[in-house]
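Engineer: Kindly return the folded structure for what I paste below:
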Amino acid sequence: MYCVIAGKNGDVIVYGLAYGGKRIEDITTNRQGMELLAAECRRENLALCHFGDVIEDWVQKEAMI
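Structural biologist: Residues are numbered from 1 along each chain as shown. As a prediction, this is how the structure comes out:
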């Protein structure tokens, strides 16, 4: 199951996603955004092979906002 993970980058709390043994850390400081992305990945039963692409697309979308 996709879940949000948290860590620190200096004094800033950063969030990423984990699924199975794969983790992509330090994606954003936007916890709510990560929670929504994790929920969408679970709802769509996202295959692990697409995990990195979905993160990359989400980051690009967030940069445009």
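Engineer: buried ones in the lowest-mean-pLDDT helix or strand in the chain?
Structural biologist: Comparing helices and strands within the chain by mean pLDDT, DSSP states H and E singles out helix 51-64 as the least confident, with a mean of 94. For helix 51-64, burial by neighbour count (16 or more other Cβ atoms under 10 Å) applies to 51, 54-55, 58. In short, each C-beta sits where N, CA and C put it, glycine included.
Engineer: Tabulate those residues (TSV), appending distance to residue 32.
Structural biologist: TSV is the format used below for those (distance: Cβ to Cβ, whole Å):
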residue	distance to residue 32
51	20
54	17
55	16
58	13
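Engineer: Residue 7: which of those is nearest?
Structural biologist: residue 55 (15.2 Å; Cβ to Cβ).
Engineer: helices or strands up against the helix or strand hosting residue 37?
Structural biologist: Remark: residue 37 resides in helix 31-43, with elements defined by DSSP states H and E. The elements that helix 31-43 packs onto, with contact taken as 3 or more Cβ pairs under 8 Å, 6 or more residues apart in numbering; DSSP states H and E, are strand 3-9, strand 12-19, helix 51-64.
Engineer: roughly how far out does the last one sit from the chain middle?
Structural biologist: Helix 51-64 has its C-alpha centroid displaced from the chain centroid by 9 Å (Cα atoms, centre = their mean, to the nearest Å).
Engineer: which residues touch stretch 24-35?
Structural biologist: Contacts made with stretch 24-35 from outside it, assessed by Cβ atoms under 8 Å, 6 or more residues apart in numbering, are listed as 4-7, 9, 12-18, 51-52, 55, 58-59, 62.
Engineer: how about the CA coordinates for that stretch, as CSV?
Structural biologist: Provided in CSV are the C-alpha atoms of stretch 24-35 (Å, rounded to 0.1, in the frame of the first residue of the first chain):
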residue,chain,number,x,y,z
ILE,A,24,11.1,8.1,-2.8
GLU,A,25,12.0,10.6,-0.1
ASP,A,26,12.2,14.4,0.1
ILE,A,27,9.7,15.1,-2.6
THR,A,28,7.9,18.1,-1.0
THR,A,29,7.1,20.0,2.1
ASN,A,30,3.4,19.7,1.2
ARG,A,31,2.0,16.9,3.4
GLN,A,32,-1.5,17.3,2.3
GLY,A,33,-0.5,17.0,-1.4
MET,A,34,1.4,13.8,-0.6
GLU,A,35,-1.6,12.4,1.3
